[in-house]
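[1] Got a sequence here, can you build the structure:
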Amino acid sequence: MAIPNEGFRFKLVVEARIKGVDDKTQEIFVEMARGFCPYSKAIQGNVEVEFI
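    Take a look at the predicted model:
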């Protein structure tokens, strides 16, 4: 997205689904994965990430 007088920012929207688990369990697993994912670590603080 373009920000006037600032340039560009990146935003990543991730739709994660885990078949066969309830929503709360899915949220826990997604947060755990985010914590150890090398890509998440590489873009942390530089790219806004939203999980839906």
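
[2] Wasn't Glu50 part of a strand?
    Yes - counting by DSSP: H, G, I helix; E, B strand; the rest coil, Glu50 is located in a strand.

[3] Now do it against Phe10, distance only.
    Going from Glu50 to Phe10 by Cβ to Cβ, to the nearest Å gives 12 Å. For every residue, glycine as well, the C-beta is placed using N, CA and C.

[4] Please, where are all the helices along this structure?
    All helices of the chain, identified by DSSP state H, fall at 23-36, 38-43.

[5] in the shortest one, what counts as buried?
    Of the residues in helix 38-43, none count as buried by neighbour count, 16 or more other Cβ atoms under 10 Å.

[6] swap in stretch 20-27?
    For stretch 20-27, the neighbour count (16+ other Cβ under 10 Å) marks Gln26 as buried.

[7] Could you pull up the mean pLDDT of that stretch?
    For stretch 20-27, mean pLDDT rounds to 94.

[8] circling back: can you list the helices of the chain in JSON lines and add distance to Ala16?
    As requested, the helices of the chain are arranged in JSON lines below (distance: least, Cβ to Cβ, whole Å):
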{"stretch": "helix 23-36", "distance to Ala16": "5"}
{"stretch": "helix 38-43", "distance to Ala16": "12"}
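
[9] Stretch 9-16 - what's its average pLDDT?
    For stretch 9-16, the mean pLDDT works out to 88.

[10] If you count neighbours, what's buried in that stretch?
    Going by neighbour count (16+ other Cβ under 10 Å), nothing in stretch 9-16 comes out as buried.

[11] now that stretch, how far from the chain's geometric center?
    Relative to its parent chain, stretch 9-16 has a centroid offset of 6 Å by Cα atoms, centre = their mean, to the nearest Å.

[12] From here on, call the first residue 11.
    I'll keep to 11 as the first residue from here, and by that count the last item is stretch 19-26.
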